[in-house]
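# Got a predicted structure here, sequence first:
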Amino acid sequence: MTKQIIKPPIMDTFIFNSNKRSPSCKYSHKELLVGKKSSSINRTLIQFDLSSLPLFLTITNSTLHIFLSRNDFPATPKRLGVFQILSKWVNRKASCIRQPLITSTPLCTATITNQNNTFVSLNITTIVQNWYTNQSANFGILLRMFDETDNNLIGLCSGENKNSQFWPYLEINIHNPASLDKYCKPMDLTLQVVAKDNINTTKALNLLLFNYSYLVVNNGINPALVHLQVSCDGTHWQTQSAVKTIIAGEMVACVPDTIAKYARLCYQTQHSNQQTELTIYIQGRSY
């Protein structure tokens with residue numbers, strides 16, 4: 001089991017609605033507010049970027065950690081809900097009259113009473129798994145109190161806080177990332193061939209699962225010609241790249257525009273009655 005930490009959020013803000021003030025937001029603030037105090041009702045929006053996670057992970061658990069820096073009514077139990085955001089929002093434009101859509105039911109809840117100056121942890125495994133696999137669009141989460149009629153305001157440290165230890169963060173547990181080896185296997189082949197004045201080819205390779213390149217070095221004294229071919233069945237071949245000339249001592253690369261099941265490199269000398277030695281490198285990685 002391996003743990004991945006993602007912090008800070010790429011966006012976090014709180015929105016409020018008050019009879020004394022127009023609906024607004026705080027897009028650059030050290031504290032995020034949730035709950036009600038007097039006539040002001042506050043909600044917090046947070047979004048994390050998961051693009052740094054590699055492919056083919058198995059996410060077994062994901063926890064949102066938020067630092068509770070303020071508890072205005074410690075004697076009052078507060079039920080905090082985490083809701084999935086369903087539409088786009090922007091820090092500088094979010095407000096109570098322009099707040100994004102959210103799900104009707106929470107992803108999870110937490111009860112806060114007299115806690116303060118401590119992290120509150122919320123399990124949001126399912127939605128993080130869905131974001132990672134693109135089953136759900138990642139627009140982030142919204143934090144709100146279930147009861148928005150009684151005074152129950154809390155404050156959370158934001159990603160703008162000067163102390164990074166208090167930033168909101170995602171803790172993601174990954175099952176056996178070493179198993180990625182069976183999905184991401186490197187390909188690194190080296191062939192020594194002699195090019196003559198008739199066309200020869202390398203052995204057809206089944207490269208359907210690979211991103212790959214052919215790199216050819218001319219170790220001889222005469223120029224050679226190379227080009228790449230691809231095939232769907234190993235019988236019908238299509239030229240995939242322009243014919244390239246390699247002079248003595250130089251290297252060229254042939255990269256396909258289309259990934260087909262089979263690929264091979266064609267090579268020959270540029271002039272009749274000549275030969276030259278080539279080194280062919282076939283390198284890539286499967287996904």
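Thanks, I have it.
# Return the distance of stretch 59-66 from the chain's centre.
16 Å (C-alpha atoms, centre = their mean, to the nearest Å).
# ok, residues contacting it?
1, 46, 82, 119-125, 128-129, 132, 141, 143, 156-157, 168-175 (C-beta atoms under 8 Å, 6 or more residues apart in numbering). From N, CA and C alone the C-beta is placed, and that goes for glycine too.
# Equivalent analysis for stretch 127-139, please.
The contact list for stretch 127-139 (C-beta under 8 Å, 6+ apart) reads 47-48, 50, 53, 57, 59, 62, 84-89, 100, 107, 141, 170, 172.
# Domain parsing of this protein, as residue ranges.
Taking automatic domain parsing as the domain assignment, the ranges for the chain are 2-180, 185-286.
# weakest of those in terms of mean pLDDT?
Looking at these, the lowest mean pLDDT belongs to domain 185-286 (a mean of 82).
# How far does that domain sit from its chain's centre?
Distance of domain 185-286 from the chain centroid (C-alpha atoms, centre = their mean) equals 34 Å.
# Stretch 214-226: end-to-end distance?
10 Å (C-alpha to C-alpha, to the nearest Å).
# Now restrict the contacts of stretch 127-139 to buried residues only.
47-48, 50, 53, 57, 59, 62, 84-85, 89, 100, 107, 141, 170, 172 (16 or more other C-beta atoms under 10 Å).
# Now, those that are in strands?
Mapping the buried ones among the contacts of stretch 127-139 onto strands (DSSP state E) picks out 47, 59, 62, 84, 141, 170, 172.
# mind putting the residues you listed in a markdown table, distance to H29 included?
Conversion of these to a markdown table gives the following (distance: C-beta to C-beta, whole Å):
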| residue | distance to H29 |
| --- | --- |
| Q47 | 16 |
| I59 | 30 |
| S62 | 26 |
| Q84 | 23 |
| I141 | 18 |
| L170 | 20 |
| I172 | 26 |
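# and which of those residues is nearest L228?
Nearest to L228 out of those is I59 (C-beta to C-beta; 38.3 Å).
# Once you drop chain neighbours, what's closest to T109?
Nearest residue to T109, sequence neighbours excluded (C-beta to C-beta, 6 or more residues apart in numbering): G81, at 5.1 Å.
# same deal with F83?
I102 is the one closest to F83 (C-beta to C-beta, 6+ apart), at 4.2 Å.
# can you give me the helices in the stretch 51-200 of the chain?
125-132 (DSSP state H, counting those that start in this stretch).
# which residues in it form strands?
Taking DSSP state E, counting those that start in this stretch, the strands of the stretch 51-200 of the chain run over residues 59-71, 78-84, 108-112, 118-123, 141-145, 154-157, 169-174, 186-195, 200-201.
# tell me the angle of the third one relative to strand 78-84?
Yep, that's strand 108-112 we're talking about. 160 degrees (axes from the mean of the first three to the mean of the last three C-alpha atoms, to 10 degrees).
# what packs against strand 108-112?
strand 78-84, strand 118-123 (3 or more C-beta pairs under 8 Å, 6 or more residues apart in numbering; DSSP states H and E).
# could those go into CSV alongside distance to L215?
Listed next are the helices and strands packed on strand 108-112 as CSV, based on distance: least, C-beta to C-beta, whole Å:
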stretch, distance to L215
strand 78-84, 47
strand 118-123, 48
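# So for V193, which of the ones you listed sits nearest?
strand 78-84 (57.2 Å).
# can you give me how far the closest one is from the chain middle?
That offset, for strand 78-84, works out to 26 Å (C-alpha atoms, centre = their mean).
# Just checking: what are the partner strands of that strand?
Sheet pairing of strand 78-84 (DSSP bridges) gives strand 108-112 (antiparallel), strand 141-145 (antiparallel).
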